[in-house]
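1. Provide a 3D model corresponding to the input given below.
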Amino acid sequence: MKGTIACIMAGVLGIYGLIVSVIIGGTSKITIYFFFFLKSKVNVKTGYSSYKGFSHLAAGLSAGLSALAAGMSIGIVGDAGVRAYGKQDKVYVVLILILIFAEALALYGLIVALVVANLNNGPTCPTLG
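-> Numbers count the residues shown, from 1 in each chain. Presented below is the predicted three-dimensional model:
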């Protein structure tokens, strides 16, 4: 059972992406109506600006790319660590520490994504109002 810790920590990365997608989905109030097959009409009632769209794109990329890097590092460390743990039990504490540091990469990306996704309508220019 101790060898499955890397798989469990990799599964948490998907939850980080789900959190960001729920935050972004809750802040964007765009209703899309699909007519027939390829015709679509977008009804924008709340003024979803391009700044807000790009901030949501940046939030998604921040969470996704940091989770990708964390997942790759968890995979590499988990593979080598579980093989080493099979040979010697003393390696387990070091394995857990390295996996926690790898998971922190995705956590930092999640924090940045939450900050960027909750930005307002954009920067204001003090001279133009």
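2. what's near enough to touch the most centrally placed residue in the chain?
-> With distances taken as C-alpha atoms, centre = their mean, the residue of the chain nearest its centroid is Ala63 (2.6 Å). Going by C-beta atoms under 8 Å, 6 or more residues apart in numbering, Ala63 touches 16-17, 20, 106, 109-110, 112-113. For every residue, glycine as well, the C-beta is placed using N, CA and C.
3. quick one: low-confidence ranges for the protein?
-> Scanning the chain for pLDDT under 70 picks out 28-48, 120-129.
4. quick one, helices of it?
-> Remark: helices assigned in the chain by DSSP state H are 5-27, 50-87, 92-117.
5. mind listing residues that contact the shortest one?
-> Residues lying outside helix 5-27 but in contact with it, judged by C-beta under 8 Å, 6+ apart, are 52, 56, 59-60, 63-64, 67, 70-71, 74-75, 77-79, 81-82, 95-96, 99, 102-103, 106-107, 109-110, 113-114, 117-118.
6. pull out the buried residues from these.
-> The neighbour count (16 or more other C-beta atoms under 10 Å) marks 52, 56, 59-60, 63-64, 67, 70-71, 74, 77-78, 81-82, 95, 99, 102-103, 106-107, 109-110, 113-114, 117 as buried among the contacts of helix 5-27.
7. can you count the residues close to the nearest residue to Glu103 once chain neighbours are set aside?
-> In space, Glu103 comes closest to Met9 once its chain neighbours are excluded; the distance is 5.4 Å by C-beta to C-beta, 6 or more residues apart in numbering. If you count neighbours by other C-beta atoms under 10 Å, Met9 ends up with 20.
8. doesn't Tyr85 make contact with Val91?
-> Yes. In this structure, Val91 is within contact of Tyr85 by C-beta atoms under 8 Å, at 5.0 Å.
9. so how far is Gly3 from Gly78?
-> Using C-beta to C-beta, to the nearest Å, one obtains 9 Å as the distance from Gly78 to Gly3.
10. between these two, which contacts overlap?
-> Common neighbours of Gly78 and Gly3 are not found (criterion: C-beta under 8 Å, 6+ apart).
11. need the contact list for Phe54.
-> Per C-beta under 8 Å, 6+ apart, neighbours of Phe54: none.
12. try Gly53
-> So Gly53 contacts nothing (C-beta under 8 Å, 6+ apart).
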